[in-house]
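Novice: Just to be clear, the model below is a prediction. Sequence and coordinates:
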Amino acid sequence: MISGFATSDGTRKFAQNSGVNQANFNEFQNLLLSNVGIGTYLGDPDTRTDQLVTNAVIQSILLGVNVVDTAINYRAQKAERSIGKALLELIEEQKISRDQIFLSSKSGYVTNDADVNLGFWEYVKEEYSKKGVIKEGDVTSGYHCMTQTYLSDQLDRSLKNLEIECLDLLYLHNAVEGQINDVSKDQFLENLKSVFELYEQKRDEGKIKFYGMATWECFRVPNDNPQYLSLEDTVNMARKIGGENHGFRFIQLPYNMHYDQALLAKYQSVENQKASILESALKLKIGVFTSVPFMQGRLLAPGVMPDFHDLKPSIRALQFIRSSPGVLAPLIGQKSLEHVSENLDIMKIPPMNDDEFLTLLKQLTS
């Protein structure tokens, strides 16, 4: 098991040695994090994809990316194992050290294990039900479970898969979206409180450094939507549980030129002032990572995105997202080395400054 976690000194050393424009690192929680990260969501749970993901993670890190994102259910636990293999290889070759890389994973969905020759529900019965990890009524119709027993089990499996002792960031995965059809909002908030109590305990145990919520709808919809969640209330919940030094410091949500609600929709409120989720996150000192930068490639089709700065479509998409105030980094799902190289050309140029971004935004919304 690889010991350690991302540190201020380690991430600074990574940035200095990366060979990329230093404007492409954001400082947050005393860490220097690349303003583009690699995601590992898509792909078949097979050996060929394992190697593609491992190679893509290695290549991304060597090209200046020190933010790596995954989830235990991605490719039925094989995404995490592919990342673990990549880290071991880079560390053994002394190309990186553990303290230079910021690793995040997620749990909440019920998952099987593609390396175990059991069907999905057979695996759930053998690994979870018979061992008391899940009991009747724990799993919602959305295949979601957020009990302390289940999430604790999943964290231990993630650490083993990644071959690490400590995870930099653990997200609760699509909790509102996976639960709200089956539980009341009051009950959900009680369940969320229980999760935050568990995560603060895991911080004390040295298994995670920070925790957060990876979401789809809840921070991008108006407050009359059943899936709505107030970021300010969530931060206050974490503060009551963990004090001022609580570990709830990050969220993840979809954001791109098509899914622009995070930037433009003022559905949140901070200190009784309406705000977008990105504005709220800035005021509340919450770091935001974003998903689906290309919408699985649909945004890259000719004529879909407006042209600006004479950039190719993938770079345009990433430049818009990572230049948005409040965004730490878009997470790119990439497997082929050709795509890694093409996408990470973005690291050769700086993000837009606030004035440039505002000018572009006016152009796009006029």
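Specialist: Yep, that arrived. Note that the coordinates shown come from a computational prediction; the quantities given were computed from them, not determined experimentally. Numbering: from 1, shown residues only.
Novice: Pull the number of nearby residues for residue 227.
Specialist: The burial metric for residue 227, expressed as a neighbour count using other C-beta atoms under 10 Å, is 17. (C-beta placed from N, C-alpha, C; glycine too.)
Novice: show me the residues around the closest residue to it other than its chain neighbours that make contact.
Specialist: Nearest in space to residue 227, with sequence neighbours left out and distances taken as C-beta to C-beta, 6 or more residues apart in numbering, is residue 217 at 4.5 Å. When contacts are counted by C-beta atoms under 8 Å, 6 or more residues apart in numbering, residue 217 touches 176-177, 225, 227.
Novice: at 10 Å what do you get?
Specialist: Listed by C-beta atoms under 10 Å, 6 or more residues apart in numbering, the contact partners of residue 217 are 174, 176-177, 180, 225-229, 253-254, 261.
Novice: just those now: which is nearest residue 11?
Specialist: Out of the contacts of residue 217, the one with the shortest distance to residue 11 is residue 253. That distance is 23.2 Å, counting by C-beta to C-beta.
Novice: hey, what's the closest one bridged with?
Specialist: Residues in a beta bridge with residue 253, per DSSP bridges, are residue 290.
Novice: show me what contacts it?
Specialist: With contact set as C-beta under 10 Å, 6+ apart, residue 253 has these partners: 213-220, 259, 261-262, 277-278, 281, 288-292, 327.
Novice: now do 8 Å
Specialist: Residue 253 makes contact with 214-216, 219-220, 262, 277, 288, 290-291 under the criterion C-beta under 8 Å, 6+ apart.
Novice: Now, of the contacts of residue 217, which are buried?
Specialist: Of all the contacts of residue 217 considered here, the ones buried according to neighbour count by 16 or more other C-beta atoms under 10 Å are 174, 176-177, 180, 227-229, 253-254, 261.
Novice: Any chance of the residues you listed in CSV with secondary structure, pLDDT and distance to residue 140 as columns?
Specialist: Compiled in CSV, the buried ones among the contacts of residue 217 are given as follows (DSSP: H, G, I helix; E, B strand; the rest coil; pLDDT from 0 to 100; distance: C-beta to C-beta, whole Å):
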residue, secondary structure, pLDDT, distance to residue 140
174, coil, 98, 11
176, helix, 98, 11
177, helix, 97, 10
180, coil, 96, 9
227, coil, 97, 13
228, coil, 98, 18
229, coil, 98, 16
253, strand, 98, 21
254, strand, 97, 21
261, helix, 96, 25
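Novice: hang on, the earlier thing: which among the contacts of residue 253 gets closest to residue 18?
Specialist: Once C-beta to C-beta is applied, the member of the contacts of residue 253 that ends up nearest residue 18 is residue 290, at 21.2 Å.
Novice: okay but the closest one is in contact with residue 250, surely?
Specialist: No. Assessed by C-beta atoms under 8 Å, residue 290 is found out of contact with residue 250, at 11.4 Å.
Novice: could you say what helices and strands the longest helix along the chain packs with?
Specialist: When secondary structure is assigned using DSSP state H, the longest helix within the chain turns out to be helix 185-204. In terms of contacts (3 or more C-beta pairs under 8 Å, 6 or more residues apart in numbering; DSSP states H and E), helix 185-204 is packed against helix 148-162, strand 167-173, helix 175-179, strand 208-214, helix 231-242.
Novice: which helices and strands does the last one pack with?
Specialist: Using 3+ C-beta pairs under 8 Å, 6+ apart, the elements in contact with helix 231-242 are helix 185-204, strand 248-254, strand 268-270, helix 277-284.
Novice: Tell me which of the ones you listed sits nearest to residue 13.
Specialist: If we rank those by C-beta to C-beta, the stretch that ends up nearest is strand 248-254, at 22.0 Å.
Novice: Going C-terminal from that closest one, what's the next secondary structure element?
Specialist: Reading on from strand 248-254 to the C-terminus, the next helix or strand found by DSSP states H and E is helix 261-264.
Novice: quick one: buried residues of that following helix?
Specialist: For helix 261-264, using 16+ other C-beta under 10 Å, the buried residues are 261-263.
Novice: same deal with stretch 330-344?
Specialist: Neighbour-count burial for stretch 330-344, with 16+ other C-beta under 10 Å as criterion, is recorded at 330-335, 339-340, 343-344.
Novice: which of those residues sit farthest apart?
Specialist: Taking C-beta to C-beta, the two most distant members of these are 330 and 335; they sit 16.5 Å apart.
Novice: Tell me how many other residues crowd residue 221.
Specialist: 18.
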